[in-house]
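J.: How does the following fold in three dimensions:
(one chain, ligands or ions: 1)
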Amino acid sequence: MPGTTYTTEEMLARLIAFDTTSRDGNLPLIAFVEDYLDGWGVPHFRVDYEAGKKTNLFATIGPAIAGGIVLSGHTDVVPVDGQPWTTKPFELTAKEDRLFGRGTCDMKGFIAVCLARVPEFVAAARKRPIHLALSCEEEVGCRGVRPLVAHIRDHLPKPGAVIVGEPTSMKVVNGHKSALTFATEVTGLEGHSALTDKGVNAIMVAGELLAEINRIRQSLIETGDPSGRFDPPYSTVHVGTIEGGTAKNIIPRRCAFQWETRLLPMADPDYTITRFDAFARTLEPAMHAVSPTSGIRTDTINRVPGLAPEPHSAAENLALHLAGANATHAVSYVTEAGLYQQIGIPTVVCGPGSIEQAHKADEFIDRGELRKCEAFMEKLVAALV
Ligand SMILES: [Zn+2]
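T.: Numbering: from 1, shown residues only. Just a heads-up that it's a prediction; the model follows:
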């Protein structure tokens with residue numbers, strides 16, 4: 001007995017109705033997808049990120065052999081807290097040619113197109129498999145998919161290409177920057193503000209570090225991106241938060257700041273932190289002379305690898321053919337694509353909807369974008385037989 005069939009919009013309505021805000025997990029959505037796949041006899045398994053709360057689902061349609069195509073999407077969405085929505089965010093609402101709801105664009109639209117085509121994939125994928133990789137915890141630093149990527153590397157026949165369906169307006173994206181996030185903490189020595197020589201002022205040391213970050217920023221701008229494909233056309237560095245000090249007449253013992261760098265995919269991913277650390281080490285002797293317990297500590301909070309362009313890779317050629325396109329693009333946001341590329345699978349990003357509509361109140365996807373993605377998948381079906 002065949003399973004349930006859905007149009008893309010019916011499937012999207014089901015997916016949107018699950019509130020999969022990253023912090024709350026995605027299990028009800030995954031259970032729904034598992035039921036649906038069971039109806040079509042498609043084998044699948046989970047790789048948990050956080051047991052009992054957040055999981056990744058991997059399904060294989062067709063033979064369990066190498067060379068398959070992975071269609072990859074994250075199931076989590078960003079919060080709606082404090083956003084001025086005029087529609088119900090977890091209810092698909094159609095207004096003319098736009099479909100509103102949290103995740104319509106980023107990226108349940110892509111997942112809905114893929115899932116609605118499962119019956120066609122089942123019929124067509126006789127020689128070459130199609131895999132569905134549905135991840136969790138992407139919106140908070142591409143963390144959730146990592147155990148799934150490791151599982152694919154260690155235990156599965158190697159897929160031939162990955163298409164990550166983040167919103168690109170169905171343009172084929174073969175490059176994005178990496179993102180590295182750091183937390184720096186300066187520990188000084190407290191004292192009366194009249195006796196500056198008896199203390200180590202953590203805020204003033206942090207000021208030196210921030211000045212170095214500005215110098216790094218300048219040199220990144222000067223190095224730039226010869227390809228001119230990225231916006232802005234250079235690697236960036238930025239400080240997002242800072243806190244420190246107790247009162248204006250106390251030498252501050254602590255100052256902490258969080259910062260990030262987004263590097264061109266061909267750049268040395270450790271350039272910023274290596275240079276920053278080397279500078280920090282030059283400040284410490286003077287601090288230690290006053291207080292041996294003072295110091296500067298920097299922790300890496302997260303590293304999302306960039307996607308380095310691989311012209312004419314299997315993924316790029318396939319996606320260009322399916323999208324009917326002849327040019328590739330680069331984007332500024334990070335995706336899971338770099339993680340798949342790191343395990344040696346050619347990967348591109350291509351999905352419906354515009355990143356302009358992602359993460360905002362009244363997020364929507366144009367029906368036309370879904371049509372384009374459906375056409376892409378129809379050609380994929382044709383390419384399988
Ligand atoms: Zn996304």
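
J.: May I ask which helix or strand encompasses the residue of the stretch 151-300 of the chain found nearest the ion?
T.: For the stretch 151-300 of the chain, the residue closest to the ion is Glu166, as judged by CB to the ion, at 4.9 Å. Heads up, the C-betas are built off the backbone N, CA and C, glycines and all. Glu166 is part of no helix or strand when elements are defined by DSSP states H and E.

J.: Could you look up the SS state of the residue of the stretch 201-350 of the chain found nearest the ion?
T.: For the stretch 201-350 of the chain and the ion, the shortest gap (CB to the ion) falls at Thr335, measuring 6.9 Å. Here Thr335 is recorded as coil under DSSP: H, G, I helix; E, B strand; the rest coil.

J.: Now the nearest residue to Pro43 once chain neighbours are set aside, what are its backbone angles?
T.: Residue nearest to Pro43 in three dimensions, not counting chain neighbours: Thr60, with 5.9 Å by CB to CB, 6 or more residues apart in numbering. Thr60 adopts backbone torsions of phi -120, psi 120, taken as degrees, to the nearest 10.

J.: Surely Thr60 touches Arg128?
T.: No. At 11.1 Å, Thr60 does not count as touching Arg128 under the criterion of CB atoms under 8 Å.

J.: quick one: which of the two has more around it?
T.: Legend: neighbour count by other CB atoms under 10 Å for Thr60 and Arg128, higher for Thr60 (22 against 17).

J.: Can you tell me which residues in the chain are near the ion?
T.: Residues of the chain found near the ion (CB under 5 Å from the ion) are 106-107, 166.

J.: Put together CSV for those, with neighbour count on each row.
T.: Below are these laid out as CSV (neighbours: other CB atoms under 10 Å):
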residue, neighbour count
Asp106, 29
Met107, 27
Glu166, 28
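
J.: which residues sit in contact with the residue nearest to Pro43?
T.: Contact analysis of Thr60 by CB atoms under 8 Å, 6 or more residues apart in numbering lists 42-44, 68, 129-131.

J.: 7 Å - rerun?
T.: Shown in contact with Thr60 (CB atoms under 7 Å, 6 or more residues apart in numbering): 43, 129, 131.

J.: out of those residues, which are buried?
T.: 129, 131 (16 or more other CB atoms under 10 Å).

J.: sorry, back to before: Gly353 is in contact with the residue of the stretch 151-300 of the chain closest to the ion, correct?
T.: No. Look at Glu166 against Gly353 with CB atoms under 7 Å: they stay out of range, at 8.8 Å.

J.: Can you name the residue of this structure nearest the ion?
T.: Counting by CB to the ion, the chain gets nearest the ion through Asp106, at 4.1 Å.

J.: separation between the closest residue to that residue other than its chain neighbours and Ala375?
T.: Closest residue to Asp106 apart from its sequence neighbours, by CB to CB, 6+ apart: Ala358 at 3.7 Å. Counting by CB to CB, to the nearest Å, the gap from Ala358 to Ala375 is 22 Å.

J.: which residues in the stretch 251-385 of the chain form helices?
T.: 271-290, 314-323, 337-342, 367-384 (DSSP state H, counting those that start in this stretch).

J.: For Glu10, which of these is the nearest?
T.: Across the helices of the stretch 251-385 of the chain, Glu10 has its closest neighbour in helix 367-384 (11.9 Å, CB to CB).

J.: mind checking how far the residue nearest the centre of the chain is from Gln258?
T.: Among the residues of the chain, the one closest to the centroid is Thr335, at 3.2 Å (CA atoms, centre = their mean). Per CB to CB, Thr335 is found 22 Å from Gln258.

J.: now Asp277
T.: Taking CB to CB, one finds Asp277 at 16 Å from Gln258.

J.: just Pro226 next, same as before
T.: 31 Å.

J.: How about Ala382?
T.: Counting by CB to CB, the gap from Ala382 to Gln258 is 48 Å.

J.: between the two, who's got more neighbours?
T.: Taking other CB under 10 Å, Ala382 and Gln258 do not tie; Gln258 has more neighbours (17 against 11).

J.: Now the more buried one: closest residue in space that isn't a chain neighbour?
T.: Nearest residue to Gln258, sequence neighbours excluded (CB to CB, 6+ apart): Thr241, at 4.7 Å.

J.: Could you list the paired strands of the host helix or strand of the one you found along with their orientation?
T.: Using DSSP H and E, Thr241 sits in strand 236-244. If you go by DSSP bridges, strand 236-244 pairs up with strand 254-263 (antiparallel).

J.: Next up, the contacts around the residue nearest to Asp106.
T.: Contact analysis of Ala358 by CB under 7 Å, 6+ apart lists 105-106, 167.

J.: As a markdown table, these with pLDDT would be great.
T.: Below are the contacts of Ala358 laid out as a markdown table (pLDDT from 0 to 100):
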| residue | pLDDT |
| --- | --- |
| Cys105 | 97 |
| Asp106 | 97 |
| Pro167 | 97 |
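
J.: That'll do, ta.
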